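>>> here are the coordinates; sequence isn't available:
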């Protein structure tokens, strides 16, 4: 069972950067790191993914350590609408794309 | 991307009855998944429903309890059979559009309450 470890909850002030850590110390070379979020009463939403290089898109940045044992999702300017549960997921292309959701981090963005 | 709708959005059902949940996608997709999210919990994969093949169920889920149909590339149904209060959950379908690098898109979910 491919697991990741995330803090249960975090707070962030509106307008500040939200840095969400994820530990995946047993990740193998062909596993990607995916981030999804689930806003209350909605289906999960894809945010970003990466293999070993840092990635950035319009939603967030993903910083992966050189040894790939951990990563950080960065929301550069958090808004109240970013309040959600954030899931860090390991996946290989050979797994058929099914996602193994852990408990995630509940992020609360405060005014 | 893909836009996914589910019907019904919510329902309250009596013990022992069955409910069929529909999942409609606005584009043709090969891979489709059904997940369950029990109250206060994370998502758990029920089954993979690829068009043209029998659904593949995860450990703890069986076809008699959760029969799935996948008649074409834009539609699927999940039936929750002989329901009990323990089946009260949100049921979500998701798809992987063929042109994306593994991104998965989720429907809004069906909130089921069994009394």
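In hand now; what should we look at? Fair warning: this is a prediction, and the values are worked out from it, not measured in the lab.
>>> next up, the contacts around the closest residue to residue A:50 other than its chain neighbours.
Spatial nearest neighbour of residue A:50, excluding adjacent residues (CB to CB, 6 or more residues apart in numbering or on different chains): residue A:62 at 4.7 Å. All C-beta atoms are positioned from the backbone trio N, CA, C, and that covers glycine. The contact partners of residue A:62, by CB atoms under 8 Å, 6 or more residues apart in numbering or on different chains, come to A:33, A:35, A:48, A:49, A:50, A:54, A:55, A:56, A:71, A:72, A:73, A:74.
>>> the residue nearest to residue A:15 when sequence neighbours are not counted and residue B:90, how far apart?
Spatially, and ignoring its direct neighbours in sequence, residue A:15 is nearest to residue A:77 (5.8 Å; CB to CB, 6+ apart). Distance, residue A:77 to residue B:90, using CB to CB, to the nearest Å: 30 Å.
>>> between these two, tell me which one has more neighbours.
residue B:90 (20 against 10; other CB atoms under 10 Å in any protein chain shown).
>>> how much space is there between that one and residue A:58?
28 Å.
>>> just residue A:98 next, same as before
26 Å.
>>> among the two, which residue is more densely surrounded?
Per other CB under 10 Å, whichever of residue A:98 and residue A:58 has more neighbours is residue A:98, with 17 against 5.
>>> wait, what's in contact with that one?
Each residue near residue A:98 by CB under 8 Å, 6+ apart is listed here: A:91, B:33, B:45, B:48.
>>> pretty sure it is in a strand, no?
No - according to DSSP: H, G, I helix; E, B strand; the rest coil, the state of residue A:98 is coil, so it is not within a strand.
>>> up against chain A, what does chain B have?
Proximity of chain B to chain A (CB under 8 Å from any CB of the partner chain) is limited to residues B:4, B:31, B:33, B:35, B:42-45, B:48, B:92, B:94, B:96, B:101-109.
>>> kindly recompute the last result at 7 Å.
With CB under 7 Å from any CB of the partner chain as the criterion, chain B comes near chain A at residues B:31, B:33, B:42-43, B:45, B:48, B:92, B:96, B:102-109.
>>> quick one: buried ones out of these?
B:31, B:33, B:42-43, B:45, B:48, B:92, B:96, B:102-107, B:109 (16 or more other CB atoms under 10 Å in any protein chain shown).
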